[in-house]
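1. Just a sequence and a predicted model for now, questions to come.
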Amino acid sequence: MTDQPFDEDPPDYLRYLSCLQDLEDVSEADEAALVATVLDDPDVSMVEAAVNRHLERRAAHLLTDPAFIAWAQTLSLAIGDRPFLARRLREWTLLRTIALDEPWTAEELTTASDWFQRTASVVRIITSPEALSLLAEQGRTRRVRNAASRRLIELDQHRPDSIHKS
């Protein structure tokens, strides 16, 4: 049995919440330093989860903003050699690339994580028929293939030159 009362949150969860709050409140100028400080915590799973959540929030906010590139480069240095976080940041950068209709490769999409493929197949900012067709055909999971197929249909229905029958 445990001595902890049932209605109290465990200390590691409270540290997680504290990290999330600190990351949410940090200024842009201090963000990288705080991320590096948070990542010094010995509880690797907890801090990577907190930093990943922060990355998701900030990346989604900055995705099409020109400031994204400098932000991603700065955060990449703060993240260092954390494979999961480095990959997630690269995948956010790839989402940005596709959203802005910049060059990408089929291999980048087909070798990306399940998270990336699911996200790319459902977010409204991705309107590239090429990317969605590739995911509809070669997505790793049925869920990704179906979602990408549905997005392609939606995009086709909303094209100005498509004919709608009543």
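-> Right, received. Where do you want to start?
2. which parts of the helix or strand hosting A70 are buried?
-> Assigned by DSSP states H and E, A70 falls within helix 67-79. Residues of helix 67-79 classed as buried: 68, 71-72, 75, 78-79 (neighbour count, 16 or more other C-beta atoms under 10 Å). Heads up, the C-betas are built off the backbone N, CA and C, glycines and all.
3. With distance to P103 as added columns, please give the residues you listed in TSV.
-> Shown next, in TSV, are the buried residues of helix 67-79 (distance: C-beta to C-beta, whole Å):
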residue	distance to P103
F68	16
W71	21
A72	17
L75	23
A78	27
I79	25
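4. Can you tell me which of the residues you listed is nearest E130?
-> When the buried residues of helix 67-79 are compared for distance to E130 (C-beta to C-beta), F68 wins out at 21.6 Å.
5. got the contact list for the closest one?
-> Residues near F68 by C-beta atoms under 8 Å, 6 or more residues apart in numbering: 59, 62, 93, 96.
6. for the record, mean pLDDT for the helix holding A70?
-> Helix 67-79 carries an average pLDDT of 98.
7. Could you list the low-confidence segments of this structure?
-> 1-7, 9, 161-166 (pLDDT under 70).
8. So in it, which helix runs the longest?
-> In the chain, taking DSSP state H as the definition, the longest helix is helix 44-62.
9. In that one, which residues are buried?
-> Here helix 44-62 shows 46-48, 50-52, 54-55, 58-59, 62 as buried, counting by 16+ other C-beta under 10 Å.
10. All the helices of the chain, residue numbers only.
-> According to DSSP H, the helices that the chain contains are 11-25, 31-38, 44-62, 67-79, 83-99, 106-110, 114-122, 129-138, 142-157.
11. by how many degrees do the third one and helix 83-99 diverge?
-> For helix 44-62 against helix 83-99, the angle by axes from the mean of the first three to the mean of the last three C-alpha atoms, to 10 degrees is 10 degrees.
12. So that it lines up with my notes, have the first residue be 22 from now on.
-> Sure, I'll start counting at 22 from here, so that last one is helix 65-83.
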